[in-house]
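**Q** Pasting the sequence and the predicted model now:
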Amino acid sequence: MLGELEMVKAMLGGERRVVVLTGAGVSAESGVPTFRGRDGLWRHHRVEDLARPDAFAAHPERVWEFYNWRRRLVGGCEPNPAHMALAAMDRQIPNFLLITQNVDGLHTRAGSLRVLEMHGSLWQVRCTVCTHAREDFSELPDMPECPVCGHLLRPGVVWFGEPLTPGVLRLAVAEIGKADVFLSVGTSGLVQPAASFCQLAKEHGAVTVEINREPTPNTGLMDFALHGPAGDILPELAVGLGE
Ligand code: APR
């Protein structure tokens, strides 16, 4: 009799449409702290209290200090076997989309091509006043200024209370609506809209799979729950796909 992992693996073959949602847990084994639980504090501040427009308006220097710290930290991290396995799936599964809530860019560094970064990227910066926006991997000053108009730049990430970039949610919902298999990897399932993607996938008839170190509020919606480190489970799912 096949185990759960073999059953999930069998469903990733053929012409099946696969959508994967990832969260901070997929980068945990690279050394990037997750948002909730014991990792979720930066110098006694909750991440949710920093990643918000009102915090940036009140204390831009503190919020930039946090993001510059995070850019340095992530810049020193490498993609782990979970990222590599998802990049391998991208190459081997014809109908595939990776939707990530992560802003660390590690999926792209691992070689994933079809990635939707729904919360933006640490490596994007944009002006708070004019339309200037750029990708920037360099060490930034404490309070970086726009080279066009001189006003303050901000990180190109989506903060709590901000809408997603237009089109991103529409694309994610459209692809989930067509998916045969929906994998939710390393996300606590607490932050909308991603938290509702599993329900959406199920309503449209997809087989739902959770890969997480522990159960989440969405576990009850899953057809399969594979509990363990993503860096162990995903390589087992990816090996031999497409052969
Ligand atoms: N393998 C698999 N799962 C893991 C691992 C691992 N090695 N390590 C941690 N996890 C799981 C945890 O059990 C938890 O369910 O990853 C999840 C991380 O949850 P969060 O820290 O809440 O991260 P995420 O779900 O991505 O948060 C969503 O919230 O703060 C905002 O915008 C931020 O994108 C983020 C969003």
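**A** Yes, it's here.
**Q** wait, isn't Glu4 in contact with Leu226?
**A** Yes: the pair Glu4 and Leu226 qualifies as a contact (Cβ atoms under 8 Å) at a distance of 6.2 Å. Bear in mind the C-beta positions are built from the backbone N, C-alpha and C, glycine included.
**Q** Pick out whichever of those two has more residues nearby.
**A** Leu226 (21 against 13; other Cβ atoms under 10 Å).
**Q** Please name the residues that touch Ala28.
**A** Residues counted as contacts of Ala28 (Cβ atoms under 8 Å, 6 or more residues apart in numbering) are 34, 39, 186, 213, 230.
**Q** Same question for Phe96.
**A** 17-20, 89-90, 114.
**Q** Show me the one in these that has more neighbours than the rest.
**A** Going by other Cβ under 10 Å, Val20 tops the contacts of Phe96 with 27 neighbours.
**Q** Secondary structure element for that residue, which one?
**A** strand 17-22 (DSSP states H and E).
**Q** just checking, what packs against that strand?
**A** When contacts are defined as 3 or more Cβ pairs under 8 Å, 6 or more residues apart in numbering; DSSP states H and E, strand 17-22 sits against helix 81-92, strand 95-100, helix 168-178, strand 181-185, helix 197-203.
**Q** max-length helix in the chain?
**A** helix 60-75 (DSSP state H).
**Q** Can you tell me what sits against the lowest-mean-pLDDT helix or strand in the chain?
**A** None of the helices or strands of the chain scores lower by mean pLDDT, DSSP states H and E than strand 41-42, at a mean of 76. The contact list for strand 41-42, computed with Cβ under 8 Å, 6+ apart, reads 47, 50, 66, 69.
**Q** Keep those residues, but drop any that are not near the ligand.
**A** Val47 (Cβ under 6 Å from any ligand atom).
**Q** What is the nearest of the contacts of strand 41-42 to the ligand?
**A** Nearest to the ligand, judged by Cβ to the nearest ligand atom, of the contacts of strand 41-42 is Val47 at 5.6 Å.
**Q** Would you mind confirming that the closest one makes contact with Thr34?
**A** No: taking Cβ under 8 Å as the definition, Val47 is not a contact partner of Thr34, at 9.4 Å.
**Q** Overlap of the contact sets of those two?
**A** Common neighbours of Val47 and Thr34 (Cβ under 8 Å, 6+ apart) are Gly40.
**Q** burial of the residue nearest to Glu236 when sequence neighbours are not counted, as a residue count?
**A** Nearest-residue entry for Glu236: Leu5, 6.0 Å, with adjacent residues in sequence omitted and distances by Cβ to Cβ, 6 or more residues apart in numbering. Residues within reach of Leu5, counting by other Cβ under 10 Å, total 16.
**Q** host element of Leu5?
**A** Judged by DSSP H and E, Leu5 forms part of helix 4-11.
**Q** Compute the inter-axis angle for that helix and strand 17-22.
**A** 130 degrees (axes from the mean of the first three to the mean of the last three Cα atoms, to 10 degrees).
**Q** Quick one: work out the angle between helix 4-11 and strand 181-185.
**A** Counting by the same axes, to 10 degrees, helix 4-11 lies at 130 degrees to strand 181-185.
**Q** which bits of this structure sit near the ligand?
**A** Residues of the chain lying near the ligand by Cβ under 6 Å from any ligand atom: 23-25, 28-29, 34-36, 47, 101, 119, 186-188, 190-191, 212-214, 216, 229-230.
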